[in-house]
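Enquirer: Requesting a structural model of the entry that follows:
(one chain, ligands or ions: 2)
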Amino acid sequence: MPVLCSSCGNKRAVLKRPKTGHSLCKECFFWAFEEEVHQTIVSAKLFNHGERVGIAASGGKDSTVLAHLMKLLNERYNYGLELMLLSVDEGITGYRDDSLETVKRNEQQYELPLKIVSYEELYGWTMDAIVKQVGLKNNCTFCGVFRRQALDRGAIILKVDKICTGHNADDVAETVLMNVLRGDIARLRRCTAISTSSEGDGVVPRCKPLKYAYEKEIVLYAYFKKLDYFSTECIYSPNAYRGYARTFLKDLESVRPSSIMDVIHSGENLSVREGVKMPQQGTCNRCGYISSQALCKSCVLLEGLNRGLPRLGIGKHHRLHDKILSQQPLTEKEERKLKAVDF
Ligand code: SF4
Ligand code: ZN
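Expert: Ligands and ions are numbered 1, 2, ... in the order given. Below is the predicted model:
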């Protein structure tokens, strides 16, 4: 006997919702999923009528589902938003060039304007060239720092009021775990926020409309809606530590599906004891981007790349920053330490 949809009661159920365990037909699943994202947007007051919103688009499942939903909900509920797609080209041959083709098709399919900013034009370095210099161990540090700033620069070019990203519940839970494991209290406090208000000049507020959407449901939604997305992993993706956190979370989820939401709620409810020293936000002396040091991370990493001292931005070398930036010569030992690529 076919199982009937537990919501409408007359169509055949085609899936069991990973989040709730309900058996639903396609249409009832679509409706439930879309309504939940709408509720997230409304209850967190993510947008205001008339705003220009950039959707960070990579061509992957999360950002494709996000673009599809933002367009659909904007029309269904008359949010009054002007939407556009914003992509970052990290310069990864065989990965990003292909996924950007997907974004270009999305531009046509959703009739949304698209802006692509590239590492090459912003920093003079592609990830291909960076990996050649730094190897495959810390490449994601460079990529992550550069991406954050690249999105902001793209958003400023597009003159958007906000950027929304496709981070889902699994990503947020994973980040909570990572920050606990690293003891990074400043990030732990920030990472569960559904939106960032403007943190300073040059930083465009960001929000995560899919914060409470399970990755498994995003995949199901994209699959049943036949959305056009790119599903290959980055060829430079070692990220071993995050991988362990992800596997751990997936194991927990298979025993208890609510684990993902529980970790997020724990993160949301942690409070930082008074007297714990938090970094002071200022601005970078060189590029003006927000930074808790005299130079932002992006400028330090770039300086290291341009001087052939890739370790400069990795680990604790703050002591050397002043010396390097005021062009004082380094000792032989210091040079050797910063040059090594087997880190
Ligand atoms: Fe960049 Fe690393 Fe992500 Fe690849 S896996 S896109 S190198 S951050
Ligand atoms: Zn800077």
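
Enquirer: What does the pLDDT read for whatever residue of the stretch 51-200 of the chain ends up closest to ligand 2?
Expert: Residue of the stretch 51-200 of the chain nearest ligand 2, by CB to the ion: Gln149 (7.9 Å). To be clear about C-beta, it is placed using only N, CA and C from the backbone, and glycine gets the same treatment. On pLDDT, Gln149 comes in at 91.

Enquirer: Chain neighbours aside, what residue packs nearest to it?
Expert: Closest residue in space to Gln149, ignoring its immediate chain neighbours: Ser298 at 5.0 Å, by CB to CB, 6 or more residues apart in numbering.

Enquirer: buried ones in the helix or strand hosting the one you found?
Expert: Using DSSP states H and E, Ser298 sits in helix 297-306. For helix 297-306, the buried set under the neighbour-count rule, 16 or more other CB atoms under 10 Å, comprises Lys297, Ser298, Cys299, Val300, Leu301, Leu302, Glu303, Gly304, Leu305.

Enquirer: Would you mind listing what in this protein touches ligand 1?
Expert: Glu90, Met127, Asn139, Cys140, Cys143, Gly144, Cys234, Tyr236, Ser237, Asn239 (CB under 6 Å from any ligand atom).

Enquirer: Now neighbour count, pLDDT and distance to Asp97 too, for the residues you listed, in a markdown table please.
Expert: Converted to a markdown table, the residues of the chain next to ligand 1 look like this (neighbours: other CB atoms under 10 Å; pLDDT from 0 to 100; distance: CB to CB, whole Å):
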| residue | neighbour count | pLDDT | distance to Asp97 |
| --- | --- | --- | --- |
| Glu90 | 24 | 96 | 10 |
| Met127 | 26 | 96 | 11 |
| Asn139 | 22 | 89 | 17 |
| Cys140 | 18 | 89 | 19 |
| Cys143 | 24 | 94 | 15 |
| Gly144 | 11 | 91 | 20 |
| Cys234 | 19 | 89 | 12 |
| Tyr236 | 17 | 90 | 14 |
| Ser237 | 15 | 83 | 16 |
| Asn239 | 16 | 66 | 21 |
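
Enquirer: so Trp31, which of the three states?
Expert: Three-state assignment for Trp31 (DSSP: H, G, I helix; E, B strand; the rest coil): helix.

Enquirer: hey, where'd the strands end up in the protein?
Expert: Along the chain, counting by DSSP state E, strands occupy 15-16, 23-24, 52-56, 82-89, 114-118, 162-164, 206-207, 282-283, 290-291.

Enquirer: Nearest residue to the middle of this structure?
Expert: The centroid of the chain falls nearest to His167 when counting by CA atoms, centre = their mean (5.6 Å).

Enquirer: How about the residues of the stretch 201-343 of the chain by ligand 2?
Expert: Along the stretch 201-343 of the chain, the residues adjacent to ligand 2 under the rule CB under 5 Å from the ion are Cys284, Arg286, Cys287, Tyr289, Cys296, Cys299.

Enquirer: Contact partners for the fourth one?
Expert: So the one you mean is Tyr289. Gln149, Asp152, Gly202, Val203, Thr283, Cys296, Ser298, Cys299 (CB atoms under 8 Å, 6 or more residues apart in numbering).
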